[in-house]
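Student: Below are the sequence and a predicted model for it; my questions follow.
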Amino acid sequence: MTVAPRHFETVEEAARGIRRLVDAASEIGCLTHKDADADSLGSALGFAEALRHMGRRVHVIVPSPIPRLLEHLPGFDTITQTPPPLDLLFTFDCGSVQRFGDQAALVESTPQVVNVDHHASNDGFGHLNLVDASASATGQIVHALLRAMDCPISSDAATNLYAALLTDTGGFRHENTTEAALRLGADLVGLGADPGWVALKSYKSHSVSQLRLEGMAIAHLRSEKDGRLVWSEVTREMLDATGADMQEAEGIIDQLQTAAPMKVAVLFKQAGPSVTKVSVRTRDEVDATRICIPFGGGGHRRAAGAELAEPLESARERVLEVARAQLDHRTG
Ligand SMILES: [Mn+2]
């Protein structure tokens, strides 16, 4: 059965239809995007936990690779990559089917797909689409949806949603740290999330090899245009030298964007001989999606990414050319 795609204006409007779908479904999936972050996985785990409290059978599914740095999130041990046939699938924090990696077929084959997201670039791939680009995190939409569905939020669900909110606001430091985000943080603490513990697990649990890798990438930092463009890279050689793996390169882009004069920070990751992942952060008038969309990527104005099917050296030159052009266009 296919259903005409629907887009909702408000969470309350969406909640009625979603509640009916949940009540009618026997096997429900909650899917994250590839290289799941704490917003995507925390939203999926938190929503799944709440639905299970309502007596539903729910499977949390992540594309490969399993994001093992998020193993502290409550319910992480329930994650599967081989769910039974589903009649209802929720997706979290993902703007297009291609971003589901090796689970994209699941999105194509499930009869009802509900797309819950906060990316402005979301292409509305779901049968039902609950997309709010003004939300600081997808976890914020999940919280509003659960409230509107009259679904109780346990302390484990609150912990997952708090982790989603904390990390997508960069520890309540990014520009998307709104009054609503701070109030939601307090609400989730009231429901049982422990802010000190989530911060410890999110920001103060690096391995020694991870710290060495970060140090190496920072030492490799290049600066152009009076520091307005800063970039670095993580190569296979650096991984070999430190004993770290590529998942441990996750926080490096956040270090690069602490440079005072920077307008654009770019990190290149050598994911394979002909696969290069790119993370972009921007400030002021520069839009990160303008640098990533030409390469098939997407994201937010301040944070975006792309994956290029080409070696590090050529990917680097092509992306830097676009980044330089954005800087010249915006400020030249
Ligand atoms: Mn997000």
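Tutor: Sure, I can see it. Numbering: from 1, shown residues only.
Student: When you work out contacts or count neighbours from here on, use the C-alpha atoms and nothing else.
Tutor: Fine.
Student: Just give the nearest non-adjacent residue to Met238, would you?
Tutor: Of all residues not flanking Met238 in the chain, Leu213 sits nearest, at 6.7 Å (C-alpha to C-alpha, 6 or more residues apart in numbering).
Student: Please tell me how far the one you found sits from Gln247.
Tutor: Using C-alpha to C-alpha, to the nearest Å, Leu213 is found at 11 Å from Gln247.
Student: so where is the stretch 201-332 of the chain shaky, pLDDT-wise?
Tutor: Applying pLDDT under 70 to the stretch 201-332 of the chain flags residues 330-332.
Student: sorry, back to before: where does the residue nearest to Met238 fall, helix, sheet strand or coil?
Tutor: Classification of Leu213 by DSSP: H, G, I helix; E, B strand; the rest coil places it in helix.
Student: So it sits against Glu250, correct?
Tutor: No - using C-alpha atoms under 8 Å, Leu213 is not in contact with Glu250, being 10.6 Å away.
Student: give me the number of residues near Gln255?
Tutor: For Gln255, the count of nearby residues is 13 (other C-alpha atoms under 10 Å).
Student: same question but for Thr258, I mixed them up
Tutor: 10.
Student: Gly296 - how many residues pack around it?
Tutor: Count around Gly296 with other C-alpha under 10 Å applied: 12.
Student: could you pull out the strands for the stretch 51-200 of the chain?
Tutor: For the stretch 51-200 of the chain, applying DSSP state E, counting those that start in this stretch gives strands covering 58-61, 88-92, 113-117, 128-131.
Student: Could you export these as JSON lines, including distance to the ion and mean pLDDT?
Tutor: Formatted as JSON lines, the strands of the stretch 51-200 of the chain follow (distance: least, C-alpha to the ion, whole Å; pLDDT from 0 to 100):
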{"stretch": "strand 58-61", "distance to the ion": "17", "mean pLDDT": "98"}
{"stretch": "strand 88-92", "distance to the ion": "8", "mean pLDDT": "98"}
{"stretch": "strand 113-117", "distance to the ion": "7", "mean pLDDT": "98"}
{"stretch": "strand 128-131", "distance to the ion": "11", "mean pLDDT": "96"}
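Student: Columns mean neighbour count on top of the ones you listed, output as TSV?
Tutor: TSV is the format used below for the strands of the stretch 51-200 of the chain (neighbours: other C-alpha atoms under 10 Å):
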stretch	mean neighbour count
strand 58-61	26
strand 88-92	25
strand 113-117	27
strand 128-131	25
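Student: Export those strands as CSV, with columns for distance to Asp156.
Tutor: What follows is these, written out as CSV (distance: least, C-alpha to C-alpha, whole Å):
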stretch, distance to Asp156
strand 58-61, 15
strand 88-92, 18
strand 113-117, 20
strand 128-131, 23
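Student: what sits against the most centrally placed residue in the chain?
Tutor: Geometric centre of the chain, nearest residue: Asp37, 4.5 Å, by C-alpha atoms, centre = their mean. Residues in contact with Asp37 (C-alpha atoms under 8 Å, 6 or more residues apart in numbering) are Pro67, Leu70.
Student: can you tell me how far it sits from the ion?
Tutor: From Asp37 across to the ion, the span is 8 Å (C-alpha to the ion, to the nearest Å).
Student: Kindly report the same for Pro65.
Tutor: Where the ion is concerned, Pro65 sits at a distance of 18 Å (C-alpha to the ion).
Student: how about the nearest residue to that residue once chain neighbours are set aside, phi and psi?
Tutor: Take Pro65 and drop its neighbours on the chain: the residue closest to it by C-alpha to C-alpha, 6+ apart is Asp35, 6.6 Å away. Here is the backbone geometry of Asp35 (degrees, to the nearest 10): phi 50, psi 50.
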